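J.: The following block contains a protein sequence and its predicted model.
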Amino acid sequence: MPAAIRVLCIVPRGLRGRGGIETLFSHVDEELRAHPELGLEMDFLASRGDASGAGWVLHFPFAFLRYAWMVATRRYDIVHLNAATNASAWRKWMMQGVARLFGVATVVHFHGSAFPKSGEKQPGWVPVLRQVFERAAAIIVLGNYWREFVARFYGMPASRFDVVANGVADFAPDAPLPREAGEPVRLLFAGNLTDAKGAGVLLQALSLLPADLRGWHMTFAGTGDVQGFRDEAAKLGLSEQAKFTGWVARDAILPLYRQADIVVLPSRNEVLPVCLLEGACAGAALVATPVGSVPDVLHEGENGLLIRPDDPGNIAEALALLISDTGRRETFRKASRAIYKDRFGLESMVAALKSIYSKALDGRK
């Protein structure tokens, strides 16, 4: 049996952190631990920690020193750099430099979406990220949309980018669960309570639902100004129908997905959001904005409805349609589960990662 490929994977907040990348790689970690025969050994290191905003500058120096020690002493084959825009580009540039110093190949897994628009002044991270890409043995993006976009933005050949869709573990093999007559329609928003994720707009949309549309309940599962949202919900008369849980650990949020009939994500920008993949895995209908690679998992009219960002009226129309139309909602739920099984299983993602690691190592021989 060939030796396992040894990988050091850089995850922003660590496997227990609060974010999509962290959730994604917690799935990967569980899969690799359960299946050592896959031939991948992966260690993890948090690069920025749980601090918000610029607080990462207090964590990163210590993380960087630990990272340098690990690369120097543990004989890794690959350093897997989960990268985005802004400060993430600078951190990964520094970490990539250490890997190059010790002759370790880097694979850059790009999750960013916040690029400057045409005509805007380019921030300093733009050329830094270009250099990170150019030095990488392989570059992973999350969908064809992002391969074409990033290649065009940097003037690089699209063939330089490998597409690997996010995958999630199948935590709901019996989905979609049948619903009993008279049960409320359960809606779930799983994400930070921020304007970028559309949490406030979604709350406004709920207040616009017809007064005679009964039998629904909305759960907001995510960190942020939870009390502020509860107060706003009370002002809008939604205290009985909208619940705010705050941050929910992974073992507690999976049952929420299984209970959800509809998963909603009205974001302004996304890459390929894990919450929609987990919603599809659990057999939920999806309602989301057509940003980034969202259309890869939400097929309009097949397993969900596309909505416009920052448009509470449009969001309310979509939600009202699915809440009131049981037949359409149940058809969408079954289709979501089928789309997940066809494209977004964790096994497919892990196999793709191993293939890219092998290609990166072959390219150095």
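T.: It's in. In this text the structure is predicted, and so the values were computed from the model without any measurement. Residues are numbered from 1 along each chain as shown.

J.: Please make it C-alpha for all contacts and neighbour counts, starting now.
T.: Fine.

J.: hang on, residue 189 in a strand?
T.: Yes - Residue 189: assigned to a strand according to DSSP: H, G, I helix; E, B strand; the rest coil.

J.: oh, and call the first residue 244 from now on, that's how I've got it
T.: Yes, from this point I'll number from 244; that puts the last item at residue 432.

J.: Leaving out sequence neighbours, find the closest residue to it.
T.: By the measure of Cα to Cα, 6 or more residues apart in numbering, the closest residue to residue 432 outside its immediate chain neighbours is residue 463, 4.8 Å from it.

J.: which phi and psi does residue 508 have?
T.: For residue 508, the backbone dihedrals (degrees, to the nearest 10) come out as phi -150, psi 90.

J.: Next, count neighbours for it.
T.: The local packing of residue 508 (other Cα atoms under 10 Å) involves 26 other residues.

J.: For it, which residues count as its bridge partners?
T.: Residues found in beta-bridge contact with residue 508 (criterion: DSSP bridges) are residue 531.

J.: ok, it - contacts?
T.: Under the criterion of Cα atoms under 8 Å, 6 or more residues apart in numbering, the contact partners of residue 508 comprise 432-433, 440-441, 519, 530-532.

J.: Just name the closest of those residues to residue 307, please.
T.: The shortest separation between residue 307 and any of the contacts of residue 508 is 30.1 Å, and it belongs to residue 440 (by Cα to Cα).

J.: Residue 252: helix or strand, and which one exactly?
T.: Residue 252 is located in strand 248-254, with elements delineated by DSSP states H and E.

J.: what's the next helix or strand after that strand in contact with?
T.: Next along the chain after strand 248-254, taking DSSP H and E as the criterion, comes helix 263-277. Contacts of helix 263-277 with the rest of the structure, by Cα under 8 Å, 6+ apart, involve 254-260, 281, 283-285, 325, 409-412, 493, 516-518, 589-590, 593.

J.: Please convert the buried members of the residues you listed into PyMOL selection syntax.
T.: Only the buried members of those end up in this PyMOL selection, burial being decided by 16 or more other Cα atoms under 10 Å:
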select buried, resi 254+255+256+257+258+260+283+284+285+325+409+410+411+412+516+517+518+589+590+593
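
J.: Where does pLDDT dip in this protein?
T.: Judged by pLDDT under 70, the chain has its weakly predicted residues at 244, 295, 607-608.

J.: any chance you could map the helices in it?
T.: Secondary structure of the chain by DSSP state H: the helices cover 263-277, 299-316, 330-344, 368-378, 387-397, 442-450, 469-478, 493-502, 517-524, 555-567, 569-586, 589-605.

J.: Contacts only, for residue 546.
T.: Contact analysis of residue 546 by Cα under 8 Å, 6+ apart lists 528-529, 574-579.

J.: Please report the distance of the closest residue to it other than its chain neighbours from residue 501.
T.: If the residues on either side of it in the chain are set aside, residue 546 comes closest to residue 575, at 3.9 Å by Cα to Cα, 6+ apart. With the distance defined as Cα to Cα, to the nearest Å, residue 575 ends up 15 Å from residue 501.

J.: the more surrounded of the two?
T.: Counted by other Cα under 10 Å, residue 575 and residue 501 do not tie: residue 575 has more neighbours, with 28 against 21.

J.: Can you name the residues that contact that one?
T.: With the criterion set at Cα under 8 Å, 6+ apart, residue 575 makes contact with 527-529, 544-547.

J.: Residue 348 now?
T.: By Cα under 8 Å, 6+ apart, the residues touching residue 348 are 320-322, 342, 379-380, 603-604, 607.

J.: Which of these ranks first by neighbour count?
T.: Taking other Cα under 10 Å to define a neighbour, the member of the contacts of residue 348 with the most is residue 322, carrying 26 neighbours.

J.: Distance check, it against residue 552.
T.: Summarising the geometry, the distance separating residue 322 from residue 552, computed by Cα to Cα, is 36 Å.

J.: for residue 508, same thing?
T.: Summarising the geometry, the distance separating residue 508 from residue 552, computed by Cα to Cα, is 10 Å.

J.: Quickly list what's touching both of the two.
T.: 441, 532.

J.: buried stuff in stretch 378-398?
T.: Burial within stretch 378-398, assessed by neighbour count using 16+ other Cα under 10 Å, is assigned to 378-393.

J.: same check, this time on stretch 597-608
T.: Of the residues in stretch 597-608, those buried under the neighbour-count criterion (16+ other Cα under 10 Å) are 599-600, 603-604.

J.: Repeat that for stretch 441-456.
T.: Of the residues in stretch 441-456, those with enough neighbours to count as buried (16+ other Cα under 10 Å) are 441-452.
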